[in-house]
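Visitor: Dropping the sequence and predicted coords here.
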Amino acid sequence: MKLQISFDMSDLKQAVDVAKKVKDYADILEVGTILIHKYGIKAVEKFTQKFPDKDILADTKIIDRGIDITQIYAETKAKWLTVMAGTSNNVIHRVCSKAETYNIKVMLDIIDSDSPGQSALEAKSLGVDAILFHEAYDSRESLVFLDNLDMVKGNTDLPIFISSKIDKENISQIIETKPDGIVIGKSITDSPNPKAAAKFFHNLCTKV
């Protein structure tokens with residue numbers, strides 16, 4: 001099981017400093033949407049420059065103008081982009097096709113899908129490389145969304161990553177679902193000891 005560490009922070013320098021401490025325990029370093037909204041592609045460029053040996057995911061959440069946006073982020077040398085399942089299949093397919101020309105992988109975020117099972121079923125044929133299964137950060141009910149996971153799993157053989165305010169208290173419930181990867185942000189980045197926290201979750205991932 002892979003560990004993706006998400007940097008949903010508003011300070012780029014702080015994000016890079018934390019990333020330096022935890023990079024050895026991450027399979028993917030995610031430049032979160034907050035950093036992208038504040039700094040644009042410069043945030044992604046900073047991560048790819050500082051961590052050239054790591055897979056960098058730009059949480060772009062593409063819903064329109066997919067070809068143009070993919071082209072822009074290809075120049076940052078990011079290895080992953082995200083596209084929203086709630087947009088049209090045409091947009092998703094065009095993003096995936098363009099990304100493939102740059103050897104970039106695409107993660108389909110199904111948070112806004114009206115039919116997660118259907119989105120999962122169609123994802124592979126559209127060129128998607130992995131599925132992100134999660135709930136909105138502002139949601140008050142932490143693990144209720146997992147009730148729909150079996151429906152998603154039953155409709156795809158693509159890797160599924162789970163993200164849901166994962167912490168030491170609920171990680172065992174997440175692991176029981178046997179995802180291909182987990183996405184953890186503040187439980188690591190806001191920890192008093194980010195390196196120790198990253199190592200803790202990394203060690204759990206390697207046992208699955």
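Guide: Received it, and whenever you're ready, just let me know what you need. These figures come from a predicted structure and were not determined experimentally.
Visitor: where do the helices sit along this structure?
Guide: With helices called from DSSP state H, the chain shows them at 12-22, 33-39, 41-50, 66-74, 89-101, 116-126, 149-153, 171-176, 186-189, 194-206.
Visitor: So, low pLDDT: which residues of the protein?
Guide: By pLDDT under 70, the weakly predicted segments of the chain are 136-145.
Visitor: Could you point out the longest strand of it?
Guide: strand 55-62 (DSSP state E).
Visitor: Determine the set of other helices and strands touching it.
Guide: Packing partners of strand 55-62 (3 or more CB pairs under 8 Å, 6 or more residues apart in numbering; DSSP states H and E): strand 28-31, helix 33-39, helix 41-50, helix 66-74, strand 80-84. Using the backbone N, CA and C atoms, a C-beta is placed for each residue, glycine as well.
Visitor: Let me know which of those is tucked in deepest.
Guide: Mean neighbour count (mean count of other CB atoms under 10 Å) peaks for strand 28-31 among the helices and strands packed on strand 55-62, with a mean of 26.
Visitor: That strand: partners in the sheet, and parallel or antiparallel?
Guide: With DSSP bridges as the test, strand 28-31 is paired with strand 2-7 (parallel), strand 55-62 (parallel).
Visitor: Need the contact partners of it.
Guide: Defining contact as CB atoms under 8 Å, 6 or more residues apart in numbering, one finds that strand 28-31 is touched by 2-7, 15, 19, 23, 43-44, 47, 51, 54-59, 78-80, 181, 183, 185.
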